[in-house]
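> Attaching a predicted model along with its sequence, questions to come.
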Amino acid sequence: MAKFQSLREAVTENLRDGDTVAFEGFTHLIPHAAAHEVIRQGIKDLTLIRMTPDIIYDQMIGMGLAKKVIFSYAGNPGVGLLRRMRDAIENSWPRAIGTEEHSHAAMANAYEAGAAGLPCAVFRGYRGAGLKEVNPSIKSITCPFTGEELAVVPAHRPDVAIIHAQKANRRGDVLIEGIIGVQKEAVLASKRSVVTVEEIVEDFDDLHPNLCVLPHWTVSSIAHVPGGAHPSYTHGYYDRDNAAYLEWDKISADRDLFTAWMKENVLEVGPEAFANRVKGL
């Protein structure tokens, strides 16, 4: 059942050293504030799952919190590389990390399988793809009905899923609007979940087909964190801060500059900083 907590309390109660955690959000609703709270608490040895690792995983990897990343694309959206992730892979700084790369289709199907309580996902894919040669988690089976060769990957069953959304009502139901990725599936596949929201309302008005509602019994903790997706955007609330993504490319290119930026902008500030940044846009 959903519990209303501060972001600090929600992260402390749900995420532990060594957990497998999925921070999901596609294009918008990326849970930056929650990731920063994890960094402040220094929760380490994490296996990070995300379809499209971007700035938040670059920051967590650069701070030495990750031991492995399971993903299907890694990059600073619209800009270029994840330089802290690359440094960890190529130079083991600040520590070595393992990687497990998949296609988008495999990641989405693995979440679906996890949400359904299945051990693996079966789908069409990876025909002629080189990933099968470097990722032992990708298997093939023959369909017993048609004889067709199909791809198989393990289901994603994270210990914790962390997402950002527009609204929660007083009962703890969560409303997601706009572009929806695999947030619903990630929450349903996980043992525990943390949802940060822009606002808490009495109930949801003007419901329309382009939304996703997570019932209160699927969510562990809800934290009211206005601006919690910045510098990504939240549909209906604020736009993407493109300048921040361009700035990150420069910051992340230098270890000392990265370390100083993280100290000033993450370690020494709290969740309220996100609302202040959005107000300044």
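Noted; the coordinates are in hand.

> Ala106 belongs to a helix?
Yes: counting by DSSP: H, G, I helix; E, B strand; the rest coil, Ala106 falls inside a helix.

> can you pull the contacts of it?
Shown in contact with Ala106 (C-beta atoms under 8 Å, 6 or more residues apart in numbering): 72, 121, 123, 125-126, 138, 151, 153. Yep, even glycine has a C-beta here, placed from its N, CA and C like the rest.

> one more time with 10 Å
By C-beta atoms under 10 Å, 6 or more residues apart in numbering, the contact set of Ala106 is 51, 72, 121, 123, 125-126, 129, 131, 135, 137-138, 151-154, 156.

> of these, closest to Tyr245?
Met51 (17.7 Å; C-beta to C-beta).

> What's the per-residue pLDDT of that closest one here?
According to the predicted model, the pLDDT of Met51 comes to 94.

> Phi, psi for it please.
phi -60, psi -40 (degrees, to the nearest 10).

> was I right about it contacting Ala186?
Yes: taking C-beta atoms under 10 Å as the definition, Met51 is a contact partner of Ala186 at 9.2 Å.

> Just want to know which of those two has more residues nearby.
Ala186 (27 against 23; other C-beta atoms under 10 Å).

> circling back: among the contacts of Ala106, the buried ones, what's the ChimeraX command?
Typed into ChimeraX, the line below selects the buried ones among the contacts of Ala106, using 16 or more other C-beta atoms under 10 Å:
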select :51,72,121,123,125,126,131,135,137,138,151,152,153,154,156
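
> In strands, which of the contacts of Ala106 fall?
Mapping those onto strands (DSSP state E) picks out 121, 123, 151-154.

> Pick out the most distant pair among those residues.
Phe123 and Pro154 (12.8 Å).
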